[in-house]
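In: Let's see this in three dimensions:
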Amino acid sequence: MAASLVALILLLFIAFASGGRTKLDWRAEYDDYSGGICNLMVVTQGYTCEEHRVTTKDGYILSMQRIPTGRTGGGNNSGAKPPVLLQHGLMSDAMTWLSNSPDESLGFILADNGFDVWLASVRGTTYSSGHTSLTPDDPEYWNWSWDELVAYDLQSTFQYVYNQTGHKLHYVGHSLGTLMAFGAFSRNEVSDIVRSAALLSPIAYMGQMPSPLARAAADSFIAEDLYWLGLNEFDPGGGAASKLVAEVCTKINCTDLESVITGPNCCMNASKSNLDHQQPTATKNMVHLAQMIRRGTIAMYDYDDEGENKKHYGQTSPPEYNITSIPNNLPIFLGYGGKDLLSDVNDVQTLIDTLSGHDPDKIVLQYTEEYAHLDFVYGINAKEVVYNPLIAFFNQN
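Out: You can find the predicted model right below:
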């Protein structure tokens with residue numbers, strides 16, 4: 001059991017990794033603006049930046065950053081510019097969109113192209129670790145999966161940006177950030193305030209994930225294993241997960257492991273590593289993702305007990321997210337790569353087939369043969385390959 005669990009931890013430690021580039025004490029005071037993302041990552045590059053806080057309906061206090069203008073100014077903070085919300089993937093935070101140079105990072109590029117840029121970080125990450133009544137040391141704090149990110153985090157950040165700007169939002173998600181969007185759009189939770197969505201390395205169906213390691217690891221990732229470890233918080237930067245990763249990395253070249261899991265990323269800055277800069281998530285969230293890999297479905301968290309499912313959902317099995325319920329007239333941009341081992345081309349094709357009833361004039365497919373999972377957010381040539389077409393898509397919608 002221990003060996004299979006180590007394999008899975010390594011898989012999901014890298015899987016969906018958008019790799020926040022700065023390792024911090026993630027339990028930093030969430031209300032300390034002076035050490036926040038604005039001052040660390042944005043103001044230093046010559047941009048105006050605002051720190052914002054959003055409280056979800058279930059009490060989590062989320063960090064958001066706003067870049068209202070580009071380096072050359074132009075416009076003001078009134079919300080006249082089209083707002084765009086950027087949502088990172090698993091074990092990362094808003095720094096995903098700021099980690100390369102301003103000419104290579106999507107957050108800065110959008111600001112320089114006349115967009116009102118908003119960056120979100122989900123619950124449990126360094127700057128979104130607050131709660132109205134719980135602390136990260138409380139097991140109940142980690143009692144969530146991406147279901148709650150759909151129902152609470154994404155809905156709250158969408159509504160907040162809309163309230164602040166008075167305009168419908170463009171949206172960019174990467175990896176898990178796309179899964180959150182699919183869940184929300186399929187339930188029509190933000191349809192009235194979303195303008196268009198660009199989804200990079202889209203994660204929806206995962207049943208054809210090609211990596212033998214990924215398949216074997218997911219098949220062994222069961223709740224009993226995690227309870228055996230006593231994990232509520234899954235923190236690759238500390239605790240049992242970190243120790244297991246460190247032990248295995250003495251025997252395996254973990255630099256290469258990133259490519260083994262995410263695919264051979266072609267175009268990242270070779271001097272930067274993603275492995276040392278991960279953010280915590282909930283163990284329950286990891287279990288939920290593993291359920292999707294094993295079953296190839298998009299459903300809510302399965303408690304593996306008919307009684308528990310009945311208590312939570314009013315039925316003995318978890319409800320599925322119906323992708324065909326996404327409004328057919330919602331403009332969608334799908335960016336995916338031929339070398340991506342997480343957002344596999346066959347799984348993406350299943351998604352495209354499921355969206356076959358979508359208005360063909362409202363869906364754009366951007367396929368890049370040489371791109372793997374992390375190239376979409378860290379590729380040094382992503383501006384030319386992905387971001388320029390993405391901005392053209394936004395400007396048309």
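In: the helices in the stretch 101-250 of the chain, which residues?
Out: Taking DSSP state H, counting those that start in this stretch, the helices of the stretch 101-250 of the chain run over residues 106-112, 146-148, 155-165, 176-186, 212-219, 223-229, 239-248.
In: List the buried residues in the second one.
Out: In terms of neighbour count (16 or more other C-beta atoms under 10 Å), helix 146-148 has its buried residues at 146, 147, 148. (C-beta placed from N, C-alpha, C; glycine too.)
In: now residue 149, nearest residue through space, not along the chain?
Out: residue 180 (5.1 Å; C-beta to C-beta, 6 or more residues apart in numbering).
In: just residue 326 next, same as before
Out: With sequence-adjacent residues excluded and distances taken as C-beta to C-beta, 6+ apart, residue 326 is closest to residue 185, at 4.5 Å.
In: Contacts only, for that neighbour.
Out: Residues counted as contacts of residue 185 (C-beta atoms under 8 Å, 6 or more residues apart in numbering) are 191, 194, 197, 326, 327, 330.
In: Go ahead and confirm the fourth one touches residue 357.
Out: What that stands for is residue 326. No - applying C-beta atoms under 8 Å, one finds residue 326 not in contact with residue 357, separated by 9.5 Å.
In: Please indicate which of the contacts of residue 185 has the highest neighbour count?
Out: residue 197 (27 neighbours; other C-beta atoms under 10 Å).
In: And the residue nearest to that residue when sequence neighbours are not counted, how far from residue 137?
Out: Residue nearest to residue 197 in three dimensions, not counting chain neighbours: residue 171, with 4.4 Å by C-beta to C-beta, 6+ apart. Remark: distance between residue 171 and residue 137 (C-beta to C-beta, to the nearest Å) = 33 Å.
In: what about the residue nearest the centre of the chain, distance to residue 179?
Out: Geometric centre of the chain, nearest residue: residue 89, 2.0 Å, by C-alpha atoms, centre = their mean. Residue 89 sits 9 Å away from residue 179, going by C-beta to C-beta.
In: joint contacts of those two?
Out: Listed contacts common to residue 89 and residue 179 are nil; contacts here mean C-beta under 8 Å, 6+ apart.
In: Can you flag the weakest of the helices of the stretch 101-250 of the chain by average pLDDT?
Out: For those, mean pLDDT drops lowest on helix 223-229, to a mean of 52.
In: How much space separates residue 386 from residue 198?
Out: 9 Å.
In: These two: which is more packed in?
Out: The neighbour comparison of residue 386 against residue 198 (other C-beta under 10 Å) goes to residue 198, with 30 against 23.
In: partner residues bridging the more buried one?
Out: Applying DSSP bridges to residue 198 gives these bridge partners: residue 172, residue 333.
In: quick one: contacts for it?
Out: By C-beta under 8 Å, 6+ apart, the neighbours of residue 198 are 170, 171, 172, 173, 332, 333, 335, 390, 393, 394.
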